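Participant: need a 3D model of the sequence below.
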Amino acid sequence: MEKQHVQLKEVRDLANRFTPQEIDTCITQQLQEGINECKMGLTTDHVINELSKAEFVRKRMEEGVTLTDAMRELAKKIRNVQHAFSD
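Facilitator: Residues are numbered from 1 along each chain as shown. Below you'll find the model as predicted:
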């Protein structure tokens, strides 16, 4: 449970610091070069995962949704996907 909390903290931080366009650029950099300007370290899979979540949250924030509500929406989407795979 603690690990998930840390990952969500990273997502919130990235969503607050970067625009969706900047996050998209970082995703492209990570895929093409193995490094990016937004989030360093760890495996490419982990970085892409966290950046993708942050991009979703930031886009929702720019649409007027609060950070808290955007994070809740993200969590709900993740649960729905996990549930679909567990059936």
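Participant: measure the residue nearest the centre of the chain to Met71 for me?
Facilitator: In the chain, the centroid-proximal residue (C-alpha atoms, centre = their mean) is Lys53; its distance is 2.1 Å. Lys53 sits at a distance of 9 Å from Met71 (criterion: C-beta to C-beta, to the nearest Å). (Glycine included, C-beta is placed from N, CA and C.)
Participant: what touches both of those two?
Facilitator: Overlap between the contact sets of Lys53 and Met71, as judged by C-beta atoms under 8 Å, 6 or more residues apart in numbering, is given by Val11.
Participant: which strand or helix spans the residue nearest to the centre of the chain?
Facilitator: Using DSSP states H and E, Lys53 sits within helix 44-62.
Participant: could you do Gly41 as well?
Facilitator: Gly41 belongs to no helix or strand, assigned by DSSP H and E.
Participant: ok, the residue lying closest to it once chain neighbours are set aside to Ser86 distance?
Facilitator: Take Gly41 and drop its neighbours on the chain: the residue closest to it by C-beta to C-beta, 6 or more residues apart in numbering is Val47, 7.7 Å away. Taking C-beta to C-beta as the measure, Val47 falls 26 Å from Ser86.
Participant: also Gln21?
Facilitator: For Gln21 relative to Ser86 (C-beta to C-beta), the value is 35 Å.
Participant: higher neighbour count, the two?
Facilitator: For Gln21 versus Ser86, the count of surrounding residues by other C-beta atoms under 10 Å is larger for Gln21: 10 against 6.
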